[in-house]
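>>> using only what follows, build the 3D model:
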Amino acid sequence: MTTKSKGLLFRTTLLCLLLVATSVASFAQDRPLKINYRLAMSHPGSHLFEVSIEVDIPAAAKAQSLDFQMPKWSPGRYAVFDFAKNAQEFHAVAGICPPKSECDQPLLTVTRLDDQTWRVPMNSTSVTVTYKVFANDLSGTFSQLDSRHANFNGGCVFMYVVNHKQNPVSLSIDAPKSWRVVNGRTESRDKTEFQFPNWDIMIDNPTEIAPDWTEDDFKVDGKTYRVVVHSLGNEGGKRPDLVRGIEKIVRTETAMWGPPEFDSYTFLIHFANDGHSSDGMEHLTSTQVIMPGALGDPGMLEATIDGIAHEFFHVWNVKRLRPIELGPWDFTRPANTRGLWIAEGITNYYGHLMQRRAGLWDDAKLLSTLAGQITEVENAPGSRLMSVEESSLSAPFIDDAVHAQQTNLENTSISYYPKGEVLGLVLDFLIRGKTNGKASLDDVMRRMYEEFYLKSPNATYYLRGRGYTNEDFERTASEVAGLDMSDFFKRCVRGVESPPYEEAFAPVGLRLVRDPRAPVAVGVSADENDQANFKIASVRPDSPAAEAGLEVGDIVTLFGGMKLTPANFLKTIARYKSGDRVRVTLQRGGRSIQTAITLGSTQVFDYRVEEMKDASPEAKALRAAWLNGK
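Residues are numbered from 1 along each chain as shown. Sure, this is the predicted structure:
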């Protein structure tokens, strides 16, 4: 065969394959499947959830195969976790067998296409897929099954049928005897059957299954709120205080936004009492908060309400008012959006502000917390290298991501949580100052919610309205402020300049003060896990320690002839001034090394926000309006 003939045959074959793929894609989009999920947990101690997916294909439709795919990540936590690593024993049979029935169904030959996809041949109008998922992590992203309870987040448990995430789905839960099911869609205590408009909504529904969770309800503006608590430790009689605190948050946040778009909402709260499980995750009609201690522990009540204030604000900001990239998603690749500083960072800001407006915090507590966020941002080396938009795009690397290799992210990145919070604070003050209190960031958020969620036509099957871009947010902020805010966004959002604190704070009668954390700069921090030795945990770039060649993992034994420990570090360096050259002895890889450090000027500062004693009545009025949500 000639080269020309070979080329013609290749093109013809490729065209046929494309036509087949197109016909399958057309079938996938035009003909919805009937999809039912079943979840069982017959052996809780094994940590294995048992999943069945029953698929009915319309009689007029034909498909050679169906692909089942496990997501690589799940919404709200943007790191890639490759959930397929915990999927096992994937099988498929032709037909659907009624629950608890014995059926002789032919086993189908399954082909695994890649790390997250299984292909099932179709030789009948229905198929049942079964597999198991290992789950033993209590968090807002992963799932846990053990002898005490089952808690699942759908993204790491339920595969979807490729090209059919938009189809309606149902879920049946077979729980162990005496275990009760509760989630944001539970309408009665014995409910185990659920219907969802699509797969994306189904996985947005964390579920607790246990014999011993408790529930307290309250109503606000005709909406029912359920506080579901699973305690694995002493509550210390604090549950009534917890419920009252949550109600105050609900009343305060709904006062800003207006009535939420649901009839009921569920707070799923776990007091793991294990010293390490800690998380919070937002959902459309619920939130899940996991605390590492017991409710009765000192500070645990306050920390829980702090998490709730953040997560409940997400009812509007991120779950409904959302960056354009956040739903529906492509779960074969990481999410990429420039808007997490708005979705998460500004939510962080309001989570703190709302506690003051709710009367849970006083002015001093709020100002101290905001100063702490500024301190974190201004001292972070990465804050001068990474813009808040780039930070949002880097979420797969920094949102609780696990790294097998050592990285330099500590020195090159900044989290969109604190930096977004600081920008939200400054933007709020700028708008209040420029408009003499006639507008605020509250107005920006409400206008965005109305334009993009309430009034925009549905852009996808996933949810009402459409997503926004960062340019949409900038435009809305400028409109509300009555002036062009593009320079602020260019310098502080897309750029890495510090925000104009003095310009923003003065109109509300506040000022930002900074104090040196130490009299001189060394540029190292100590490993908190080693109190006996000064083991270097980080080396700040462009610092005296970096110039002297100190490395992470070095143990500084002598500093100017004195034994150095984390406890005496500040006292020791206080003996010196900038420019002094100090002899240092350190241990590295079993070797003793002698070097010297030339100390520099302070690089790290502690910031505080103070009320201006000479503030005008107008400035005090603006500050009061900010604090009270006016």
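>>> give the buried residues for stretch 362-369.
Leu366, Leu367, Thr369 (16 or more other Cβ atoms under 10 Å). Every residue, glycine included, has its C-beta placed from N, CA and C.
>>> show residues contacting it.
Stretch 362-369 has contacts (Cβ atoms under 8 Å, 6 or more residues apart in numbering) with His352, Leu353, Gln355, Arg356, Trp361, Leu510, Arg608, Val609, Glu610, Leu627.
>>> quick check: Ile555 vs Arg588, distance?
8 Å (Cβ to Cβ, to the nearest Å).
>>> more neighbours: which of these two?
Ile555 (17 against 14; other Cβ atoms under 10 Å).
>>> okay, the residue nearest to the more buried one when sequence neighbours are not counted: pLDDT?
Leaving out its chain neighbours, the residue that sits closest to Ile555 by Cβ to Cβ, 6 or more residues apart in numbering is Gln587, at 4.3 Å. At Gln587, the predicted lDDT confidence score is 96.
>>> number of residues surrounding Gln587?
15.
>>> what's the answer for Phe605, then?
15.
>>> so Gln69 sits against Asn163, correct?
No - taking contacts as Cβ atoms under 8 Å, Gln69 lies outside contact range of Asn163: 9.8 Å.
>>> more neighbours, these two?
Gln69 (20 against 17).
>>> show the contacting residues for that one.
Per Cβ under 8 Å, 6+ apart, neighbours of Gln69: Gln116, Thr117, Trp118, Met159, Tyr160, Val162, Phe331, Thr332.
>>> of these, which belong to strands?
Thr117, Trp118, Tyr160 (DSSP state E).
>>> over to Lys419: give its phi and psi.
The phi/psi pair for Lys419 (degrees, to the nearest 10) reads phi -70, psi -40.
>>> and it, how far from Ala380?
8 Å.
>>> with Thr602 instead?
Computed as Cβ to Cβ, the Thr602 to Ala380 distance reads 16 Å.
>>> which one's more surrounded, these two?
Neighbours per residue, other Cβ under 10 Å: of Thr602 and Ala380, the larger number sits with Ala380, 21 against 15.
>>> surely the more buried one is in contact with Thr412?
No - counting by Cβ under 8 Å, Ala380 stays clear of Thr412, with 9.8 Å between them.
>>> so the residue nearest to Ile555, which state does it fall into?
Following DSSP: H, G, I helix; E, B strand; the rest coil, Gln587 is assigned to strand.
>>> is it bridged to anything, and to what?
On the basis of DSSP bridges, Gln587 is bridged to Ile555, Ser592.
>>> just checking, it touches Thr557?
Yes - the pair Gln587 / Thr557 is scored as a contact, 6.0 Å apart, by Cβ under 8 Å.
>>> for the contacts of Gln69, which single residue is the most surrounded?
Busiest of the contacts of Gln69 [other Cβ under 10 Å] is Tyr160, holding 26 neighbours.
>>> number of nearby residues for the nearest residue to that one once chain neighbours are set aside?
Closest residue to Tyr160 apart from its sequence neighbours, by Cβ to Cβ, 6+ apart: Trp199 at 4.7 Å. Using other Cβ under 10 Å, the number of residues around Trp199 comes to 25.
>>> what of Gly495?
Gly495, neighbours per other Cβ under 10 Å, totals 13.
>>> tell me who's in contact with the closest residue to it other than its chain neighbours.
For Gly495, ignoring the flanking residues on the chain, the nearest one in space by Cβ to Cβ, 6+ apart is Ser387 at 5.9 Å. Applying Cβ under 8 Å, 6+ apart, we find Ser387 in contact with Val493, Arg494, Gly495, Val496.
>>> pull out the buried members of those.
Applying 16+ other Cβ under 10 Å to these flags Val493, Val496 as buried.
>>> which pair of the contacts of Ser387 spans the longest distance?
Spatial extent of the contacts of Ser387 (Cβ to Cβ) is set by the pair Val493 and Val496 at 9.8 Å.
>>> quick one: low-confidence parts of the stretch 451-600 of the chain?
For the stretch 451-600 of the chain, no stretch has pLDDT under 70.
>>> contact partners for the nearest residue to Val402 once chain neighbours are set aside?
Sequence neighbours aside, Ala79 is the residue nearest to Val402 in space, at 7.3 Å (criterion: Cβ to Cβ, 6+ apart). The neighbours of Ala79, taking Cβ under 8 Å, 6+ apart as the test, are Trp73, Ala395, Pro396, Phe397, Ile398, Asp399, Asp400, Ala401, Val402.
>>> in three-state terms, label Ala79 for me.
With three-state DSSP as the criterion, Ala79 reads coil.
>>> show me where the stretch 101-250 of the chain has its strands.
111-112, 117-121, 126-134, 144-145, 150-152, 160-161, 169-174, 180-183, 193-196, 207-210, 214-220, 223-231 (DSSP state E, counting those that start in this stretch).
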